[in-house]
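K.L.:
I would like the atomic coordinates for the input below:
(one chain, ligands or ions: 3)
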Amino acid sequence: MRATSPGQKPIVWSIAGSDSGGGAGIQADLLTFADMGCHGCTAITANTAQNTLEVAAVNAVAPEVLASQLDALRRDLFPAAIKIGLLANAEQVILVAEFLRALLKVKQIPVVYDPVAVASSGGTLTEGNIGEAVVDHLLPLCDLVTPNLHELEWLVRAAANDAGERIKAARRLCDRGCGAVLVTGGHRELVHGEVADLLWDGNDVDWFIGKKIANNNSHGTGCTLSSAIAACLARGYPLRDACVVAKAYVQRGLRLGSAGTGSGIAPVGHCGWPSELRDYPEILLPTESRAAAYAYTDNSWQGAFVQGFATPDTTALGLYPVVDSVAWLEKLAALGVRTLQLRIKNPDENLREQVQRAVAIGKKYQLRLFINDYWQLAIDCDAYGVHLGQEDLRCADLAAIKAAGLKLGISTHGFYELLLAYRYRPSYLAIGAIYATDTKDMGGQLQGTEKLARMAELLPEYPLVAIGGINRARAPEVLATGVGSIAVVSAVTKADDYRRAVEQFQTLMGPCIC
Ligand SMILES: Cc1ncc(COP(=O)(O)OP(=O)(O)O)c(N)n1
Ligand SMILES: Cc1nc(C(=O)O)sc1CCOP(=O)(O)O
Ligand SMILES: [Mg+2]
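P.N.:
Ligands and ions are numbered 1, 2, ... in the order given. Below is the predicted model of the structure:
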């Protein structure tokens, strides 16, 4: 992973309380920002006297003390994201809301609010009930609010026990004006052994499911989660990617942290970027049977949930040109290219015949030939494999694709989609767009090689394909991330000399995997 010099680190503010025990609050936030490659700044709202057993005192700072910290930061260290934690009284809530309102007029910055009111040791942290001030003044300024179940119930004044109640409460909170709500489920399991967090973004439900870890080092998990999300947002991650990476960071801290610090609930560990897949949550799919326990229904998802598609003969699929005609397939197959895709976006009445001819060429040259989009035709024509996008997963008959023995490749754009697609255990996972491309409008969903390397690190043995804006000059940087295949459209089909382009890629990747 490339080191980032201090000057390049995104700045993240934490407006929160100090935990003298070093487990939660500002202390946890700064450790988290550092682990996630951000520079942390703080505006301290309260000086809490805490250890792992109790909250002995809260000691809110005076409004002018809080305001002077915020003003100093605004003048020099403008943030890329803000995390808000403990606000000790209604006056502080209103002060922070007014400050934010002015700041957000200068520039839109993601704001993540962890509505801390009660410490994990059970001690109350606020002076009086600040719930009304929070809902009226602060929520409308927040992009994400991250309550645990107690905090959710406190803010909406309703029970949030079963899955249906949680979804309803999250929707009600979101209706008060915040962008999204992430409800952490650590306190009550819906399915034994599973810690499920619920994301409601105003339109869709998502459940992120982690394995329960029975260690006694969970102090500061809420602060750490919200700080990790803020850090990821500061780094430009989309919301869902930020949530799953942050959940993995906390899971890693629970797994690797030390349970022996203090004699009560020990601090969660801060153990660096989550580089192991086992810490990442499973994305719940509405088609799987346990979705009922999470009240997760979505009629736009059809078909059965199936896992485990045919594995290719190698994890390194090599140079992978994506072309729009049978003629291109034949020309490239003749040059020794082994992995190819037929991607016809404007089909005419001859589509079936084109797929049949493509499959025949595939068999003649023993290609790993994937048919894009047309999974039914691919099955009918006995193709080697099919490539599907995220939207296709809702309606394609994946059970039929698997039963027919076809290989399945799935497109992904970021951590969330990667984890979602991985649930199916497809034959390969494509990650894009790595760079800007003129071939397809990717709506700015660019991954870059740093993120690609993070994703490749999670799945070291899995067939991974990088796609989007890759040319001969960029290929070494892409291959250095650990992916075994590069998919290209224009670098081959728009090359002045496609033979030379293929030869150059083959030289780079080695003939054995092409
Ligand atoms: C190898 C590879 N990766 C990604 C894509 C994109 O597929 P999809 O998201 O289905 O988009 P379209 O190609 O259908 O526009 C791909 N085709 N191949
Ligand atoms: C078809 C396609 N899918 C992408 C994805 O990220 O899913 S990027 C892409 C275009 C790739 O073309 P080129 O090599 O010319 O940039
Ligand atoms: Mg497609």
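K.L.:
now the residue in the chain that ligand 1 sits nearest to, nearest residue through space, not along the chain?
P.N.:
Using C-beta to the nearest ligand atom, Gly389 is the residue of the chain that sits closest to ligand 1, at 2.6 Å. In short, each C-beta sits where N, CA and C put it, glycine included. Spatial nearest neighbour of Gly389, excluding adjacent residues (C-beta to C-beta, 6 or more residues apart in numbering): Ser411 at 4.6 Å.
K.L.:
Quick check, pLDDT for the one you found.
P.N.:
Listed pLDDT for Ser411 reads 98.
K.L.:
how close does whatever residue of the stretch 351-500 of the chain ends up closest to ligand 2 get to Glu276?
P.N.:
Nearest residue of the stretch 351-500 of the chain to ligand 2 (C-beta to the nearest ligand atom) works out as Gly432 at 2.2 Å. Distance of Gly432 to Glu276, computed by C-beta to C-beta, to the nearest Å: 23 Å.
K.L.:
go on, Gly22?
P.N.:
25 Å.
K.L.:
Between those two, which is the more surrounded one?
P.N.:
Using other C-beta atoms under 10 Å as the criterion, Gly22 and Glu276 rank with Gly22 on top: 19 against 14.
K.L.:
Give me the nearest residue to that one, chain neighbours excluded.
P.N.:
Pro267 (6.4 Å).
K.L.:
shaky segments in this protein?
P.N.:
1-7, 118-123, 511-514 (pLDDT under 70).
K.L.:
Nearest to the spatial middle of it, which residue is it?
P.N.:
Taking C-alpha atoms, centre = their mean, the centroid of the chain lies closest to Asp241, which sits 1.8 Å from it.
K.L.:
Show me which positions of the strand ranked longest in the chain end up buried.
P.N.:
Criterion DSSP state E: the longest strand present in the chain is strand 39-50. In terms of neighbour count (16 or more other C-beta atoms under 10 Å), strand 39-50 has its buried residues at His39, Gly40, Cys41, Thr42, Ala43, Ile44, Thr45, Ala46, Asn47, Thr48, Gln50.
K.L.:
With distance to ligand 3 added, can I get those in JSON lines?
P.N.:
As requested, the buried residues of strand 39-50 are exported to JSON lines (distance: C-beta to the ion, whole Å):
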{"residue": "His39", "distance to ligand 3": "40"}
{"residue": "Gly40", "distance to ligand 3": "41"}
{"residue": "Cys41", "distance to ligand 3": "44"}
{"residue": "Thr42", "distance to ligand 3": "46"}
{"residue": "Ala43", "distance to ligand 3": "47"}
{"residue": "Ile44", "distance to ligand 3": "51"}
{"residue": "Thr45", "distance to ligand 3": "49"}
{"residue": "Ala46", "distance to ligand 3": "52"}
{"residue": "Asn47", "distance to ligand 3": "56"}
{"residue": "Thr48", "distance to ligand 3": "53"}
{"residue": "Gln50", "distance to ligand 3": "53"}
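K.L.:
Could I get the contacting residues of whichever residue of the stretch 51-200 of the chain sits closest to ligand 2?
P.N.:
Closest residue of the stretch 51-200 of the chain to ligand 2, C-beta to the nearest ligand atom: Leu199 (23.1 Å). Counting by C-beta atoms under 8 Å, 6 or more residues apart in numbering, Leu199 touches Ala180, Val181, Leu182, Val183, Val205, Asp206, Trp207, Phe208, Leu239, Arg240, Cys243.
K.L.:
Next, count neighbours for the residue of the chain closest to ligand 1.
P.N.:
For Gly389, using other C-beta under 10 Å, the count is 16.
K.L.:
Surely it and Thr412 touch.
P.N.:
No. The criterion here is C-beta atoms under 8 Å, and Gly389 misses it with Thr412 at 9.3 Å.
K.L.:
Identify the residue spatially nearest to the residue sitting furthest away from the middle of the chain, adjacent ones excluded.
P.N.:
Most distant from the centre of the chain: Lys364, at 40.9 Å, with distances by C-alpha atoms, centre = their mean. Nearest residue to Lys364 in three dimensions, chain neighbours excluded: Ala333, at 7.7 Å (C-beta to C-beta, 6+ apart).
K.L.:
give me the element Ala246 is part of.
P.N.:
Assigned by DSSP states H and E, Ala246 belongs to helix 239-256.
K.L.:
Please apply the same query to Ala421.
P.N.:
helix 415-422.
K.L.:
Ok, Lys83 next?
P.N.:
When the helices and strands are read off by DSSP H and E, the one containing Lys83 is strand 81-84.
K.L.:
May I see the domains of the chain written out as residue ranges?
P.N.:
The chain is divided into the following domains under the TED database: 11-294, 318-509.
K.L.:
For those domains, give me a markdown table that also has distance to Trp301.
P.N.:
Below are the domains of the chain laid out as a markdown table (distance: least, C-beta to C-beta, whole Å):
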| stretch | distance to Trp301 |
| --- | --- |
| domain 11-294 | 5 |
| domain 318-509 | 5 |
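K.L.:
Can you tell me how far Ala46 is from Leu100?
P.N.:
Taking C-beta to C-beta, one finds Ala46 at 18 Å from Leu100.
K.L.:
Same check on Ala43?
P.N.:
11 Å.
K.L.:
for Tyr416, same thing?
P.N.:
For Tyr416 relative to Leu100 (C-beta to C-beta), the value is 27 Å.
K.L.:
cool, and Gly409?
P.N.:
Counting by C-beta to C-beta, the gap from Gly409 to Leu100 is 44 Å.
K.L.:
Looking at these two, which is more packed in?
P.N.:
Gly409 (27 against 22).
K.L.:
Wait, a helix at that one?
P.N.:
No. Secondary structure of Gly409 (DSSP: H, G, I helix; E, B strand; the rest coil): strand, not part of a helix.
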